[in-house]
Every structure is written in C-alpha cells, then in structure tokens.
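Trainee: Only the shape, not the letters, is given here:
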C-alpha cells in the first residue's frame, strides 16, 4: 500500500471514529434529555387518592391520583389511573372478543372481587394489540396534563386460573412503560410486590402500594424503589403500621375501600 493510500485510510478511519464518538455522545445526550423530561412524584408528600371521583384536594395536598376520564388537579402533581390489565364492568364490548381471557370452556375469566374480565396477554400479538388501545388512553392522560401513569392490576395473572404468567405481565407492562416514557410520563408499579425487583427491566419509576402496611410488604417496595413509594391503606391498623415504620420517608394515606368522595357516608381520608 502506498503512503498516499495509507494516509487516505488514516483520514477515513479518523473521520469514522470521530463520527462514532459524536453519535455515541448524541445518543447519551438524547437519553439524558428524555430522562430529564420525566418528573417523578415528590417523595414523603401529602397525597390524595381520588379514583372514585374527583373533588377539590384537601389543603396541603401535593400529589393526587385521578381516573383517566377526569381532569387533573391544577397546580399539583397528577397521576393518571388506568385499568390496564382488566376491563371495567360493562365495557367488555369495547374490546375484540379474542382479547378477553377465556378458559378451556370458552368462558371469560373474571376477577370475582371487582367483576372485571381479564385481558389475554398470552401472545406477543395480543399484548401489542392490547397495548395499542391502552397507549391511546396514556396519550389522553399526557394531553390532559398528567405527569404520571398508574396502570392497575399488574397482578391479574395471579387471578387468571394459571392461564397467564408473570413473564407475560412484565412483557406487556414494558410496552406501556416504553410508551409512557416517550410521552414524558413517569409510570408506577401498582402492587405486585413479588415483581418489584424487576422494576428496572420493565421500566417502572415509582410504586403505588395498597395495604403494604396491613400485610407487612412496604419494605419490599422500598428495597426496589427507595422512597419513591406511595402507600394507600384501607384500615386504621394498616395506616398506623405504615406510619410507624415509614411515616418519615414515604407518602402515606388511608382511604375508604370504595374511594368515595367527601359528603358520602363512607368517606375516609387520614394521614400520618
């Protein structure tokens, strides 16, 4: 090889190396900018859980969760509740029939506690189709001004008559997390402490834990999410336990199990 050829090769190699460095730096910068655009809920904050109906937040509240059909609360950190793994009662007709989980007899599998049909996550095609619909709801949350998403019923596989697996639930939730992040929304893990250790793989940013004080599970969420945990209790015992252990670090509230609104006879809201 002539000196000229070697010189040209050196120049081309140096140019290519520079391009690779610039590309890598740009990629890192892009990821950093994307991460910076996602704001997590403030920790150890005053919180209200309003998925049963929106109302004026009590004085001092900094964070509120509302159903995706409700408008966010002005001036607060707003989390958008989405029933992502099950179907609201009466809305089965809004889903393709093959996306409802069915047993060997063709019967739709129902969460008996809430009367909700489970969604069928058993194949990649079905997960993608279900995610496409739910991601449309996430788009609506972003457009309305929410800062985060709370996808409920991550643990529905435990009520699926062994038809669904944890791996399928994680694969599906990863699709939602990726989309939420593309809209600059944080996304929380709702319950399912047994999968908290997989939060980074799935892409989850914080946790919303119901009754972790009642069942001594709060530490499992703290191990995975640090202080980025919102605790919702439904009994005095659960609230007192959570407050005694984590009242100085976590966001904790007690609500009535129906998550009713002020003025209703069963309305309860207590804090530490």
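Mentor: Now that the structure is in, tell me what you want to look at. A quick note: this is a predicted structure, and the numbers were derived from the prediction, not measured.

Trainee: mind listing the helices for the stretch 101-250 of the chain?
Mentor: Assigned by DSSP state H, counting those that start in this stretch, the helices in the stretch 101-250 of the chain fall at 124-144, 166-182, 199-202, 218-225, 236-246.

Trainee: got TSV for those, with mean neighbour count too?
Mentor: Where C-beta positions appear, they are placed from N, C-alpha and C, glycine not excepted. Converted to TSV, the helices of the stretch 101-250 of the chain look like this (neighbours: other C-beta atoms under 10 Å):
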stretch	mean neighbour count
helix 124-144	16
helix 166-182	20
helix 199-202	15
helix 218-225	20
helix 236-246	18
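
Trainee: now those as CSV including distance to residue 95 and mean pLDDT?
Mentor: Shown next, in CSV, are the helices of the stretch 101-250 of the chain (distance: least, C-beta to C-beta, whole Å; pLDDT from 0 to 100):
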stretch, distance to residue 95, mean pLDDT
helix 124-144, 8, 98
helix 166-182, 14, 98
helix 199-202, 23, 98
helix 218-225, 31, 98
helix 236-246, 34, 98
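
Trainee: May I see those organised as TSV, with distance to residue 266 added?
Mentor: Output for the helices of the stretch 101-250 of the chain, formatted as TSV (distance: least, C-beta to C-beta, whole Å):
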stretch	distance to residue 266
helix 124-144	28
helix 166-182	32
helix 199-202	33
helix 218-225	25
helix 236-246	14
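
Trainee: residue contacts, residue 235?
Mentor: 211, 214, 254 (C-beta atoms under 8 Å, 6 or more residues apart in numbering).

Trainee: Please work out how many residues are found near residue 96.
Mentor: 11 (other C-beta atoms under 10 Å).

Trainee: Excluding chain neighbours, what is closest to residue 261?
Mentor: residue 53 (4.3 Å; C-beta to C-beta, 6 or more residues apart in numbering).

Trainee: which stretch of helix or strand covers residue 82?
Mentor: Assigned by DSSP states H and E, residue 82 falls within strand 77-83.

Trainee: What is that strand packed up against?
Mentor: With contacts taken as 3 or more C-beta pairs under 8 Å, 6 or more residues apart in numbering; DSSP states H and E, strand 77-83 sits against strand 63-67, helix 124-144, strand 148-152.

Trainee: Excluding residues flanking it in the chain, which one is nearest residue 165?
Mentor: Ranked by C-beta to C-beta, 6+ apart and with sequence neighbours excluded, the top spatial neighbour of residue 165 is residue 157, at 6.0 Å.

Trainee: meant to ask about residue 249
Mentor: residue 227 (5.0 Å).

Trainee: So for that neighbour, what's the pLDDT?
Mentor: We have a pLDDT of 98 for residue 227.

Trainee: Identify the residues contacting it.
Mentor: When the contact criterion is C-beta under 8 Å, 6+ apart, the partners of residue 227 are 43-44, 249-250.

Trainee: Poorly predicted segments of the stretch 1-150 of the chain, please.
Mentor: Applying pLDDT under 70 to the stretch 1-150 of the chain picks out residues 1-36.
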